Structure formats: structure tokens, C-alpha cells
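Enquirer: here is a sequence together with a model predicted from it:
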Amino acid sequence: MRKVKKRVKIGKFERLLYTLAIVLTVSLPISIVFSKATLAQINFEVEKTKKEIENQNKTNQSLSMKINELASLDKIEEVAKNEGLSYNNDNIKTVEEK
């Protein structure tokens, strides 16, 4: 006597569930890797932008110091002497804002 194997029929709903499980099993890791790569790229760009801002702030601070140095009274007197002008404190008028 031969044993007869019975084939179990899979219904449409079960086939749908199996297909959905396989699709999720394949697509979930791919989407996680893609999102992590995107996040890493964005973090890299943020750090690059922070570094650019920091460099610009240093440049701005350096230029402010140079402006203050050039606007100092000693520098003004030195430029006046080089141009043949004299510094007379009586000729300076102060303007006040109300």
C-alpha cells in the first residue's frame, strides 16, 4: 500500500498574509539602512555648516578687532601726522543725541 500525501490548499487570505510577511521581511531592513545612511549624510552636512559658521564668526571677530584698532585715537593721531595735519582738541566738537 502506498501512502497518499494530501496537499493542503492555501486560501487567498493566507497567501496574502505570506506575501505580506515576505515583503516586510525584505523591505524593512532595506528601509532601515537607507534611513540611517540619509541621517548620517544630514549629520555630516550639519557639522560642515557648523564649522563654516564657526570660521565666519572668527573672521568677523578678527575684523571687528581690526576696525577698533584702526578707529583708536592713537591711530587717528598717527595718520594725521603722516598727512601733515595737527591734532587740536579745541577744534573737536561732540554731537550728542537726544
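Expert: Now that the structure is in, tell me what you want to look at.
Enquirer: drop to CA atoms for contacts and neighbour counts, all remaining ones
Expert: Fine.
Enquirer: tell me where the protein has helices.
Expert: Under the criterion DSSP state H, the chain contains helices at 12-70, 73-82.
Enquirer: now do the last one: distance to the chain's middle.
Expert: To tie it back to what came earlier, the one meant is helix 73-82. 44 Å (CA atoms, centre = their mean, to the nearest Å).
Enquirer: which pLDDT value belongs to residue 98?
Expert: Confidence at residue 98, expressed as pLDDT, is 67.
Enquirer: same question, residue 34
Expert: Per-residue pLDDT puts residue 34 at 97.
Enquirer: and the helices of the chain as TSV, adding distance to residue 92?
Expert: Listed next are the helices of the chain as TSV, based on distance: least, CA to CA, whole Å:
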stretch	distance to residue 92
helix 12-70	19
helix 73-82	13
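Enquirer: what is the least confident helix or strand in the chain?
Expert: helix 73-82 (a mean of 84; mean pLDDT, DSSP states H and E).
Enquirer: could you export that one as CSV, CA atoms only?
Expert: This file holds the C-alpha atoms of helix 73-82, laid out as CSV (Å, rounded to 0.1, in the frame of the first residue of the first chain):
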residue,chain,number,x,y,z
LEU,A,73,42.7,107.7,18.9
ASP,A,74,46.4,106.8,18.6
LYS,A,75,45.9,105.6,15.1
ILE,A,76,44.0,108.7,14.1
GLU,A,77,46.8,110.9,15.5
GLU,A,78,49.4,108.9,13.6
VAL,A,79,47.5,109.2,10.3
ALA,A,80,47.0,112.9,10.9
LYS,A,81,50.8,113.4,11.5
ASN,A,82,51.6,111.4,8.3
